[in-house]
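K.L.:
structure of the sequence below:
(one chain, ligands or ions: 1)
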Amino acid sequence: MVMSFQFPAYFTAIFIITRVMSIMKISKPLDVHHKDIRAVDLATKLSVDPSAIESASRDFGGIVKAEPEAVLHPSAPQDIAALIKFSYSSSVPFGIAAKGHGHSARGQAMAENGVVVDMRSMANNRRNGTGIRVSIDRLYADVGGEQLWIDVLNATLEYGLAPVSWTDYLYLTVGGTLSNAGISGQTFRYGPQISNVLEMDVITGKADFLTCSPRMNSELFYAVLGGLGQFGIITRARIPLQPAPKGVKWVRLLYDDFSSFTKDQELLISKNGRKDKSALDYLEGSLLMDQGSPDNWRSSFFPHKDHPKIISLITKHGIIYCLEIVKHYDDRTKHTVDKEMKQVLQGLNYMPGFMFGKDVGYEEFLNRVRSGELKLKSQGLWDVPHPWLNLFIPKSQISDFNNGVFRGIVLERNITAGPVLVYPMNRQKWDDRMSAVIPDEEIFYTVGFLHSSGFDTWEAFEDQNKDIMRFCNKTGILVKQYLPHYSTKEEWVHHFGSKWKVFQHRKYQFDPRMLLSPGQRIFNNN
Ligand code: FAD
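P.N.:
Here you go, the predicted model:
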């Protein structure tokens, strides 16, 4: 919005900011006599509109609700800096949460009685924001923290380039996934998305607007990556690019035996050099359980004619393990990729007759979850509660986890509704200086219970989640939550383990008034 300072706009602005200030119990009145231009400009971008408040009070999880006093619709990073400065220098500071696409499941992007910054507003303001700028010569893209990964993909594909590390679903913002880690089937080889950032622009909790990288303001750089929004708001990230492949060979293999399944997964991820042409480009895994169909909302992969034989396998074994792998190809390799895939499959111990393959375009593969989302939306099923639980489990304990959780708690309760992912990654592809927390072992698994529940039934899934965490604690499985959510300080201290002191120190350094991302409930949980 262009600020013209005509009379009516000026008074509206004063009205909104004064109201927000009074609601927030900020005692110092706005100095209207001095016509504080920055505050007025800020006020025009603050909304107390009930629909804006309502939307900022909800997230994808549909479980937590927390109302902010106002929503900021920034058109440039300077608006965010002005808001933070306003709170930082106030005698009664208020919490500020960047909201990317609100795809958190536990209120992490909310700010009760504070201000939510609707980052997506900046995507509509290309003139002032960072947008997406591709450097073909230097093989990177400068992207705004508010950008969706799908838009990053489309913009870079125009130049035949693409980032290397993804999430399964692309309608997430760059700032949102970099605040967590950003994991998918590429992580074993390229590391999470946080391992694929060259530099960032960040506005700290002291309203300092800094560029950071491994060489410049490095403490801030490492703090912010995986930092759960605690240290600053990312307004730009520089993402490295590679030539984009044309298409992918996409294979799923079924196992009735967990040990063979994980052995094969671990064998396959042991080839993980970035430049190793024989390495796979993607590896994941999931459980197939009795949910009516071997497909789920995130993927319809198996040919219809094979559904009966897969279903009877599931009925027989209770759980079938599905290994999923991909190899990219381009014009140069399209004639050899089948042979290479055949070599990969040799020696694997999947069930004979249970190998399924597809050949799809690269973008179609990366954007594979979208069609499921649209289908659910058309049925009104996208906005149901999502009591998700995402975990990292050391390799040495994944078999205990299978016996006690998959074959124990999960089969007994028999309520699973949605995908359950399980796949390994390599610790060496992560950077321990970053804030993200992972197990100590060289290989660890991610397990994601991605439930969709009814509006009245989410508590049953929460009970199951708690049971799973209790089981891990009781049996000494050194589990770490991904996309963590805790409500007490003790739990957070335990979660961060040896990283807690550094995390806390960085908080005092970059956000000493504890303004940012209060919805994570790390420093403001009482
Ligand atoms: P939000 O939910 O809006 O914000 C998340 C946190 O980041 C909040 O604390 C917020 O304050 C903070 N934040 C947001 N923007 C910024 C910024 N610019 N600077 C600093 N802090 C910021 N994750 C994976 O890793 N891999 C997956 O494959 C994957 N698949 C998913 C599929 C679906 C359908 C959904 C709903 C989620 C999935 N996720 C996955 C989880 C997802 O990465 C996180 O929930 C992520 O935070 C969502 O991004 P967002 O833009 O919606 O962030």
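
K.L.:
what's near enough to touch Val384?
P.N.:
Taking CB atoms under 8 Å, 6 or more residues apart in numbering, we find Val384 in contact with 62, 452-455. Where you see a C-beta, it was placed from the backbone N, CA and C, and this is true even at glycine.

K.L.:
buried only: go through those residues for me.
P.N.:
62, 452-453 (16 or more other CB atoms under 10 Å).

K.L.:
can I get the residues you listed in TSV with pLDDT, distance to Pro243 and secondary structure?
P.N.:
Formatted as TSV, the buried ones among the contacts of Val384 follow (pLDDT from 0 to 100; distance: CB to CB, whole Å; DSSP: H, G, I helix; E, B strand; the rest coil):
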residue	pLDDT	distance to Pro243	secondary structure
Gly62	97	40	coil
Ser452	94	37	coil
Ser453	95	42	coil
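
K.L.:
nearest to Val493 among those residues?
P.N.:
Gly62 (28.6 Å; CB to CB).

K.L.:
the closest one and Pro385 touch, don't they?
P.N.:
Yes. Here Gly62 lies in contact with Pro385, judged by CB atoms under 8 Å, at a distance of 4.0 Å.

K.L.:
who touches both of those two?
P.N.:
Common contacts of Gly62 and Pro385 (CB under 8 Å, 6+ apart): 455, 458.

K.L.:
interface residues of the stretch 401-526 of the chain facing the ligand?
P.N.:
Residues of the stretch 401-526 of the chain found near the ligand, taking CB under 6 Å from any ligand atom as the criterion, are 483, 517, 519-520.

K.L.:
can you rerun that using 8 Å?
P.N.:
Selection of the stretch 401-526 of the chain residues close to the ligand by CB under 8 Å from any ligand atom yields 448, 450, 482-483, 516-517, 519-520.

K.L.:
quick check: the residue of the stretch 401-526 of the chain nearest the ligand.
P.N.:
Ranked by CB to the nearest ligand atom, the top residue of the stretch 401-526 of the chain for proximity to the ligand is Ser517, at 4.0 Å.

K.L.:
okay but that residue is in contact with Ser104, surely?
P.N.:
No. Contact criterion CB under 8 Å: Ser517 and Ser104 do not qualify, at 10.0 Å.

K.L.:
does Phe496 belong to a helix, a strand or coil?
P.N.:
Recorded secondary structure, Phe496: helix (DSSP: H, G, I helix; E, B strand; the rest coil).

K.L.:
that one: neighbouring residues, count only.
P.N.:
The number of residues packed near Phe496 is 18, by other CB atoms under 10 Å.

K.L.:
so which strand or helix has the nearest residue to it once chain neighbours are set aside?
P.N.:
Closest residue in space to Phe496, ignoring its immediate chain neighbours: Phe503 at 5.2 Å, by CB to CB, 6 or more residues apart in numbering. According to DSSP states H and E, Phe503 maps onto helix 500-510.

K.L.:
what comes up buried for that helix?
P.N.:
Across helix 500-510, burial judged by 16+ other CB under 10 Å covers 503-504, 506-507, 510.
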